[in-house]
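J.: Here is a sequence together with a model predicted from it:
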Amino acid sequence: MVKSPGDRDRVAAPSDWQGWQRWAEGVDWPDWRSWLQRISAHPEAAARVWSAMHAFVAAHDRRRELQEALDLGRGLGRVKVLVLLTGGPMTLRDIADANGVDAPYATVIVDKLVSRGLVERTAHPDDLRRKLVKLTPSGRDAAALAGQILAEPPAALLALAPE
């Protein structure tokens, strides 16, 4: 039986979730820090692990579930803005910067959310030339639902044994 993840460095990393599940059985996970230190000393092993992690995450993409639940279109830009606004009102510039988009595109995203009744624009208290964007009650509900969907671990992880 394997005692720590580092002992598996000599074995090719699995390419699918079932392989990772078999790989992880019997691993002493409290030793993960030392495993990460050992694997970082072996770039090829790190590359195999990263590749398998990427494949796992891609196989459990939540976009379709978010699209069906929220009906906000194909991309995640609108969902990101909803979740971002749970921290409080923001200017369009702040929204653009936080999402890595330009201001005109942030305006397009916010316009769509306004038309759906999920956010509203209000006057900025310090600068009447700027607007603040904030969630409506429906927007808070949609953001909470998005958060629940994104936080739910994939069934494959939930099926793992506690040890």
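T.: Looks like it arrived, so ask away. Numbers count the residues shown, from 1 in each chain.
J.: Report all helices and strands that the longest helix belonging to the chain contacts.
T.: Across the chain, the longest stretch assigned as helix under DSSP state H is helix 43-59. Secondary-structure packing of helix 43-59 (3 or more CB pairs under 8 Å, 6 or more residues apart in numbering; DSSP states H and E): helix 17-24, helix 32-40. In this view, the C-beta of every residue, glycine as well, is placed from N, C-alpha and C.
J.: Would you single out the least confident of those helices?
T.: For these, mean pLDDT drops lowest on helix 17-24, to a mean of 50.
J.: Spell out the residue ranges of the strands in this protein.
T.: 90-91, 119-123, 131-135 (DSSP state E).
J.: Just tell me which of the ones you listed ends up closest to residue 147.
T.: strand 131-135 (12.3 Å; CB to CB).
J.: what angle separates the closest one from strand 119-123?
T.: Inter-element angle recorded for strand 131-135 and strand 119-123: 150 degrees (by axes from the mean of the first three to the mean of the last three CA atoms, to 10 degrees).
J.: Centre of the chain to strand 131-135, how far?
T.: The chain centre lies 23 Å from the centre of strand 131-135; the measure is CA atoms, centre = their mean, to the nearest Å.
J.: Show residues contacting that strand.
T.: Applying CB atoms under 8 Å, 6 or more residues apart in numbering, the contact partners of strand 131-135 are 81-82, 85-86, 88-92, 95, 110, 118-124, 143.
J.: Which parts of the protein belong to which domain?
T.: Per automatic domain parsing, the structural domains of the chain span 5-59, 63-151.
J.: you'd agree residue 109 is up against residue 78?
T.: Yes. Residue 109 is within contact range of residue 78, at 5.6 Å (criterion: CB atoms under 8 Å).
J.: got JSON lines for the domains of the chain, with mean neighbour count and distance to residue 161 too?
T.: Converted to JSON lines, those look like this (neighbours: other CB atoms under 10 Å; distance: least, CB to CB, whole Å):
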{"stretch": "domain 5-59", "mean neighbour count": "14", "distance to residue 161": "7"}
{"stretch": "domain 63-151", "mean neighbour count": "16", "distance to residue 161": "22"}
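J.: Could you tell me the least trusted of these?
T.: In terms of mean pLDDT, the lowest-scoring of the domains of the chain is domain 5-59 (a mean of 62).
J.: what sits against the residue lying farthest from the centre of the chain?
T.: In the chain, the residue that sits farthest from the middle, by CA atoms, centre = their mean, is residue 128; the gap is 34.5 Å. By CB under 8 Å, 6+ apart, the contact list for residue 128 is empty.
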